[in-house]
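S.K.: predicted structure and sequence below. I'll ask about it afterward.
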Amino acid sequence: MSRVSALGRRTFSALSVPNYRRYFFGQSVSLVGTWMQTVAQSWLVYTLTRSATALGFVVALQTLPVLVLGPYGGVIADRVDKRRLMIVLQSLMGLQALVLGLLAVTHVVRFWELCVLAVVLGLNNTFENPTRQSFVLEMVGADQLRNAVSLNSTTVNVARAIGPAIAGLLIATVGESVCFLTNALSFVAVVYSLVSMDTGALRPTEPTGRAKGQLRDGFRYVKGEPRLAAPLVMMAIVGMLAYEFQVTLPVVAKQTFHGGSATYGFLTAAMGVGAVFGGLVTAARGRTGLRHFTLAGMMFGVAIGLAAVAPLLTVEIVALAAVGWASVTFIATGNTTLQLQAEPTMRGRVMSLWAVAFQGTTPIGGPLIGWIVAAASARIGLGVGAAACVVATVIGLIAMSKLGILRGRSRHGHEAQPGRPVAEAPLGLIAEGD
């Protein structure tokens, strides 16, 4: 019993921080609504257009601002009070969901309106993503960062399990508008958690003063540090071609398995269930560094490949659960590795490049995967994502070889200690081994 209790404390250790605990539960409520909106929006677009290409186009519009302005979002995150900026941005996201819900409930929503609102949400995400991700460290500190990032990923995927299932039932019974309005209401929880925090217990990074060339400084910094550059390149490839499930899964549900909105909801929920277990394992025993990030990328590719060839709906659900497990491991490992290795004054800019790699590549990958799905099939679209993970794994192996990680030595020639490899140690910090 004592071992189980100790495992539980280790798995949820970041929740011992009061500010993070408050934020965690507020964000948990909001994310259920976010996933409800994600499913409802994709289904509404597909219902209006009957086009996988249109699905990819809307997803691309939502992420285009991240691609174009994402690095500048990181500059802003480094300059300002992150908590205050998040309060503003989360409130605006709730307003966007409210407008979408009102358009849907009055039955006057048009495709072009969905496109405009997707751009509005994308602009918000451009600044919210790097701010939110770098704010986690200010709440919990370096010792609890990996655990907090893993719990955040778990929360996202608990919501992925709950939100789509609820959305599928609501869409089938009362329509998409309720999903959007519920999401708008859910933002009250996360905004309240931010407003009511004990600011004295935060560990804010000293804001970077306004100066010329800060954006270029960020790019030069990443270029000069392979342990940052390699994961970002890997994430860009995987983010562009593998994380297009909003495009592929509605078509998998509708055409491959001849289902409806409920089938789509359960496919998405299956990914969430797998990711919940993957997130909890990563929170308890996950590791950081390029070696573990590369291994997670390989696992992600294998899982997507299985989903691409699954012959039956039940097999597809199991395969997507594996996809969810590998996905959350890949994201949490990469996110934590970058945050621990980045200098504090550069963390916002580094995480903005992570957001560009993860979401900002979708304007390219979304329409491309949509076109592939329309021209061939959803299975081929998933297969392209699996191939992208293989390419990313090869890049990771090449980077590890150059850094000496494959030989158990750092680029400085020091032996790596078991569980705490020197070659994978962050700049100024040693990555936790387990």
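M.R.: Received, thanks.
S.K.: mind listing the helices for the stretch 101-250 of the chain?
M.R.: 111-140, 145-173, 177-195, 214-223, 226-241, 245-251 (DSSP state H, counting those that start in this stretch).
S.K.: and the ones you listed: which comes nearest Ala332?
M.R.: helix 145-173 (4.5 Å; Cβ to Cβ). For the C-beta atoms, the positions are set from N, CA and C on the backbone; glycine is no exception.
S.K.: quick one: the closest one to chain centroid distance?
M.R.: When C-alpha coordinates are averaged (Cα atoms, centre = their mean, to the nearest Å), helix 145-173 and its chain have centres 12 Å apart.
S.K.: what mean pLDDT does it get?
M.R.: Averaging pLDDT along helix 145-173 gives 79.
S.K.: would you confirm that Gln96 contacts Leu121?
M.R.: Yes. Shown here, Gln96 and Leu121 form a contact pair, counting by Cβ atoms under 8 Å, at 5.3 Å.
S.K.: and the gap between Gln339 and Asn152?
M.R.: 12 Å (Cβ to Cβ, to the nearest Å).
S.K.: okay, Pro130 and Thr393: tell me how far apart.
M.R.: The value you get for Pro130 to Thr393, if Cβ to Cβ is used, is 26 Å.
S.K.: with adjacent residues omitted, what lies nearest to Val17?
M.R.: Spatially, and ignoring its direct neighbours in sequence, Val17 is nearest to Val140 (5.1 Å; Cβ to Cβ, 6 or more residues apart in numbering).
S.K.: tell me the pLDDT at the one you found?
M.R.: Val140 is given a pLDDT of 89.
S.K.: again with Val233
M.R.: 94.
S.K.: what angle do the host helix or strand of Thr329 and helix 214-223 make?
M.R.: Here Thr329, judged by DSSP states H and E, is contained in helix 313-341. Put simply, helix 313-341 runs at 110 degrees to helix 214-223, going by axes from the mean of the first three to the mean of the last three Cα atoms, to 10 degrees.
S.K.: after helix 313-341, next one along is what?
M.R.: helix 347-355.
S.K.: ok, and what's touching that following helix?
M.R.: Helix 347-355 is contacted by residues 66, 70-78, 125-126, 129-131, 133-134, 137, 205, 214-215, 217-218, 221-222, 228, 232, 235, 334-335, 338-339, 342 when judged by Cβ atoms under 8 Å, 6 or more residues apart in numbering.
S.K.: any idea which helix or strand comes after that helix?
M.R.: Assigned by DSSP H and E, the successor of helix 347-355 is helix 362-375.
S.K.: average pLDDT for that following helix?
M.R.: For helix 362-375, the mean pLDDT works out to 86.
S.K.: what angle separates that helix from helix 226-241?
M.R.: Using the same axes, to 10 degrees: helix 362-375 against helix 226-241 is 40 degrees.
S.K.: so where's the stretch 201-350 of the chain shaky on pLDDT?
M.R.: Of all residues in the stretch 201-350 of the chain, those with pLDDT under 70 make up the ranges 207-213, 286.
S.K.: and Arg349, how many neighbours?
M.R.: Close neighbours of Arg349, defined as other Cβ atoms under 10 Å, add up to 30.
S.K.: grab the longest helix from the protein for me.
M.R.: The helix spanning the most residues in the chain, taking DSSP state H as the definition, is helix 18-49.
S.K.: tell me which other helices or strands that helix touches.
M.R.: Packing partners of helix 18-49 (3 or more Cβ pairs under 8 Å, 6 or more residues apart in numbering; DSSP states H and E): helix 52-79, helix 82-105, helix 111-140, helix 145-173, helix 177-195, helix 245-251, helix 261-285.
S.K.: and the first one, what's buried?
M.R.: For helix 52-79, the buried set under the neighbour-count rule, 16 or more other Cβ atoms under 10 Å, comprises 52-67, 69-79.
S.K.: remind me what that helix packs against, helices and strands.
M.R.: Secondary structure elements in contact with helix 52-79, counted by 3+ Cβ pairs under 8 Å, 6+ apart, are helix 18-49, helix 111-140, helix 214-223, helix 245-251, helix 347-355, helix 362-375.
S.K.: send me the fourth one as PDB with only the CA atoms.
M.R.: Backbone C-alpha positions of helix 245-251 (Å, rounded to 0.1, in the frame of the first residue of the first chain) are rendered in PDB as follows:
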ATOM      1  CA  PHE A 245      -6.400  14.100 -37.100                       C
ATOM      2  CA  GLN A 246      -9.100  16.800 -37.400                       C
ATOM      3  CA  VAL A 247      -8.800  16.200 -41.200                       C
ATOM      4  CA  THR A 248      -8.500  12.400 -41.300                       C
ATOM      5  CA  LEU A 249     -10.700  11.100 -38.500                       C
ATOM      6  CA  PRO A 250     -14.100  12.600 -39.700                       C
ATOM      7  CA  VAL A 251     -13.400  10.900 -43.100                       C
END
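S.K.: I am finished for the moment; much appreciated.
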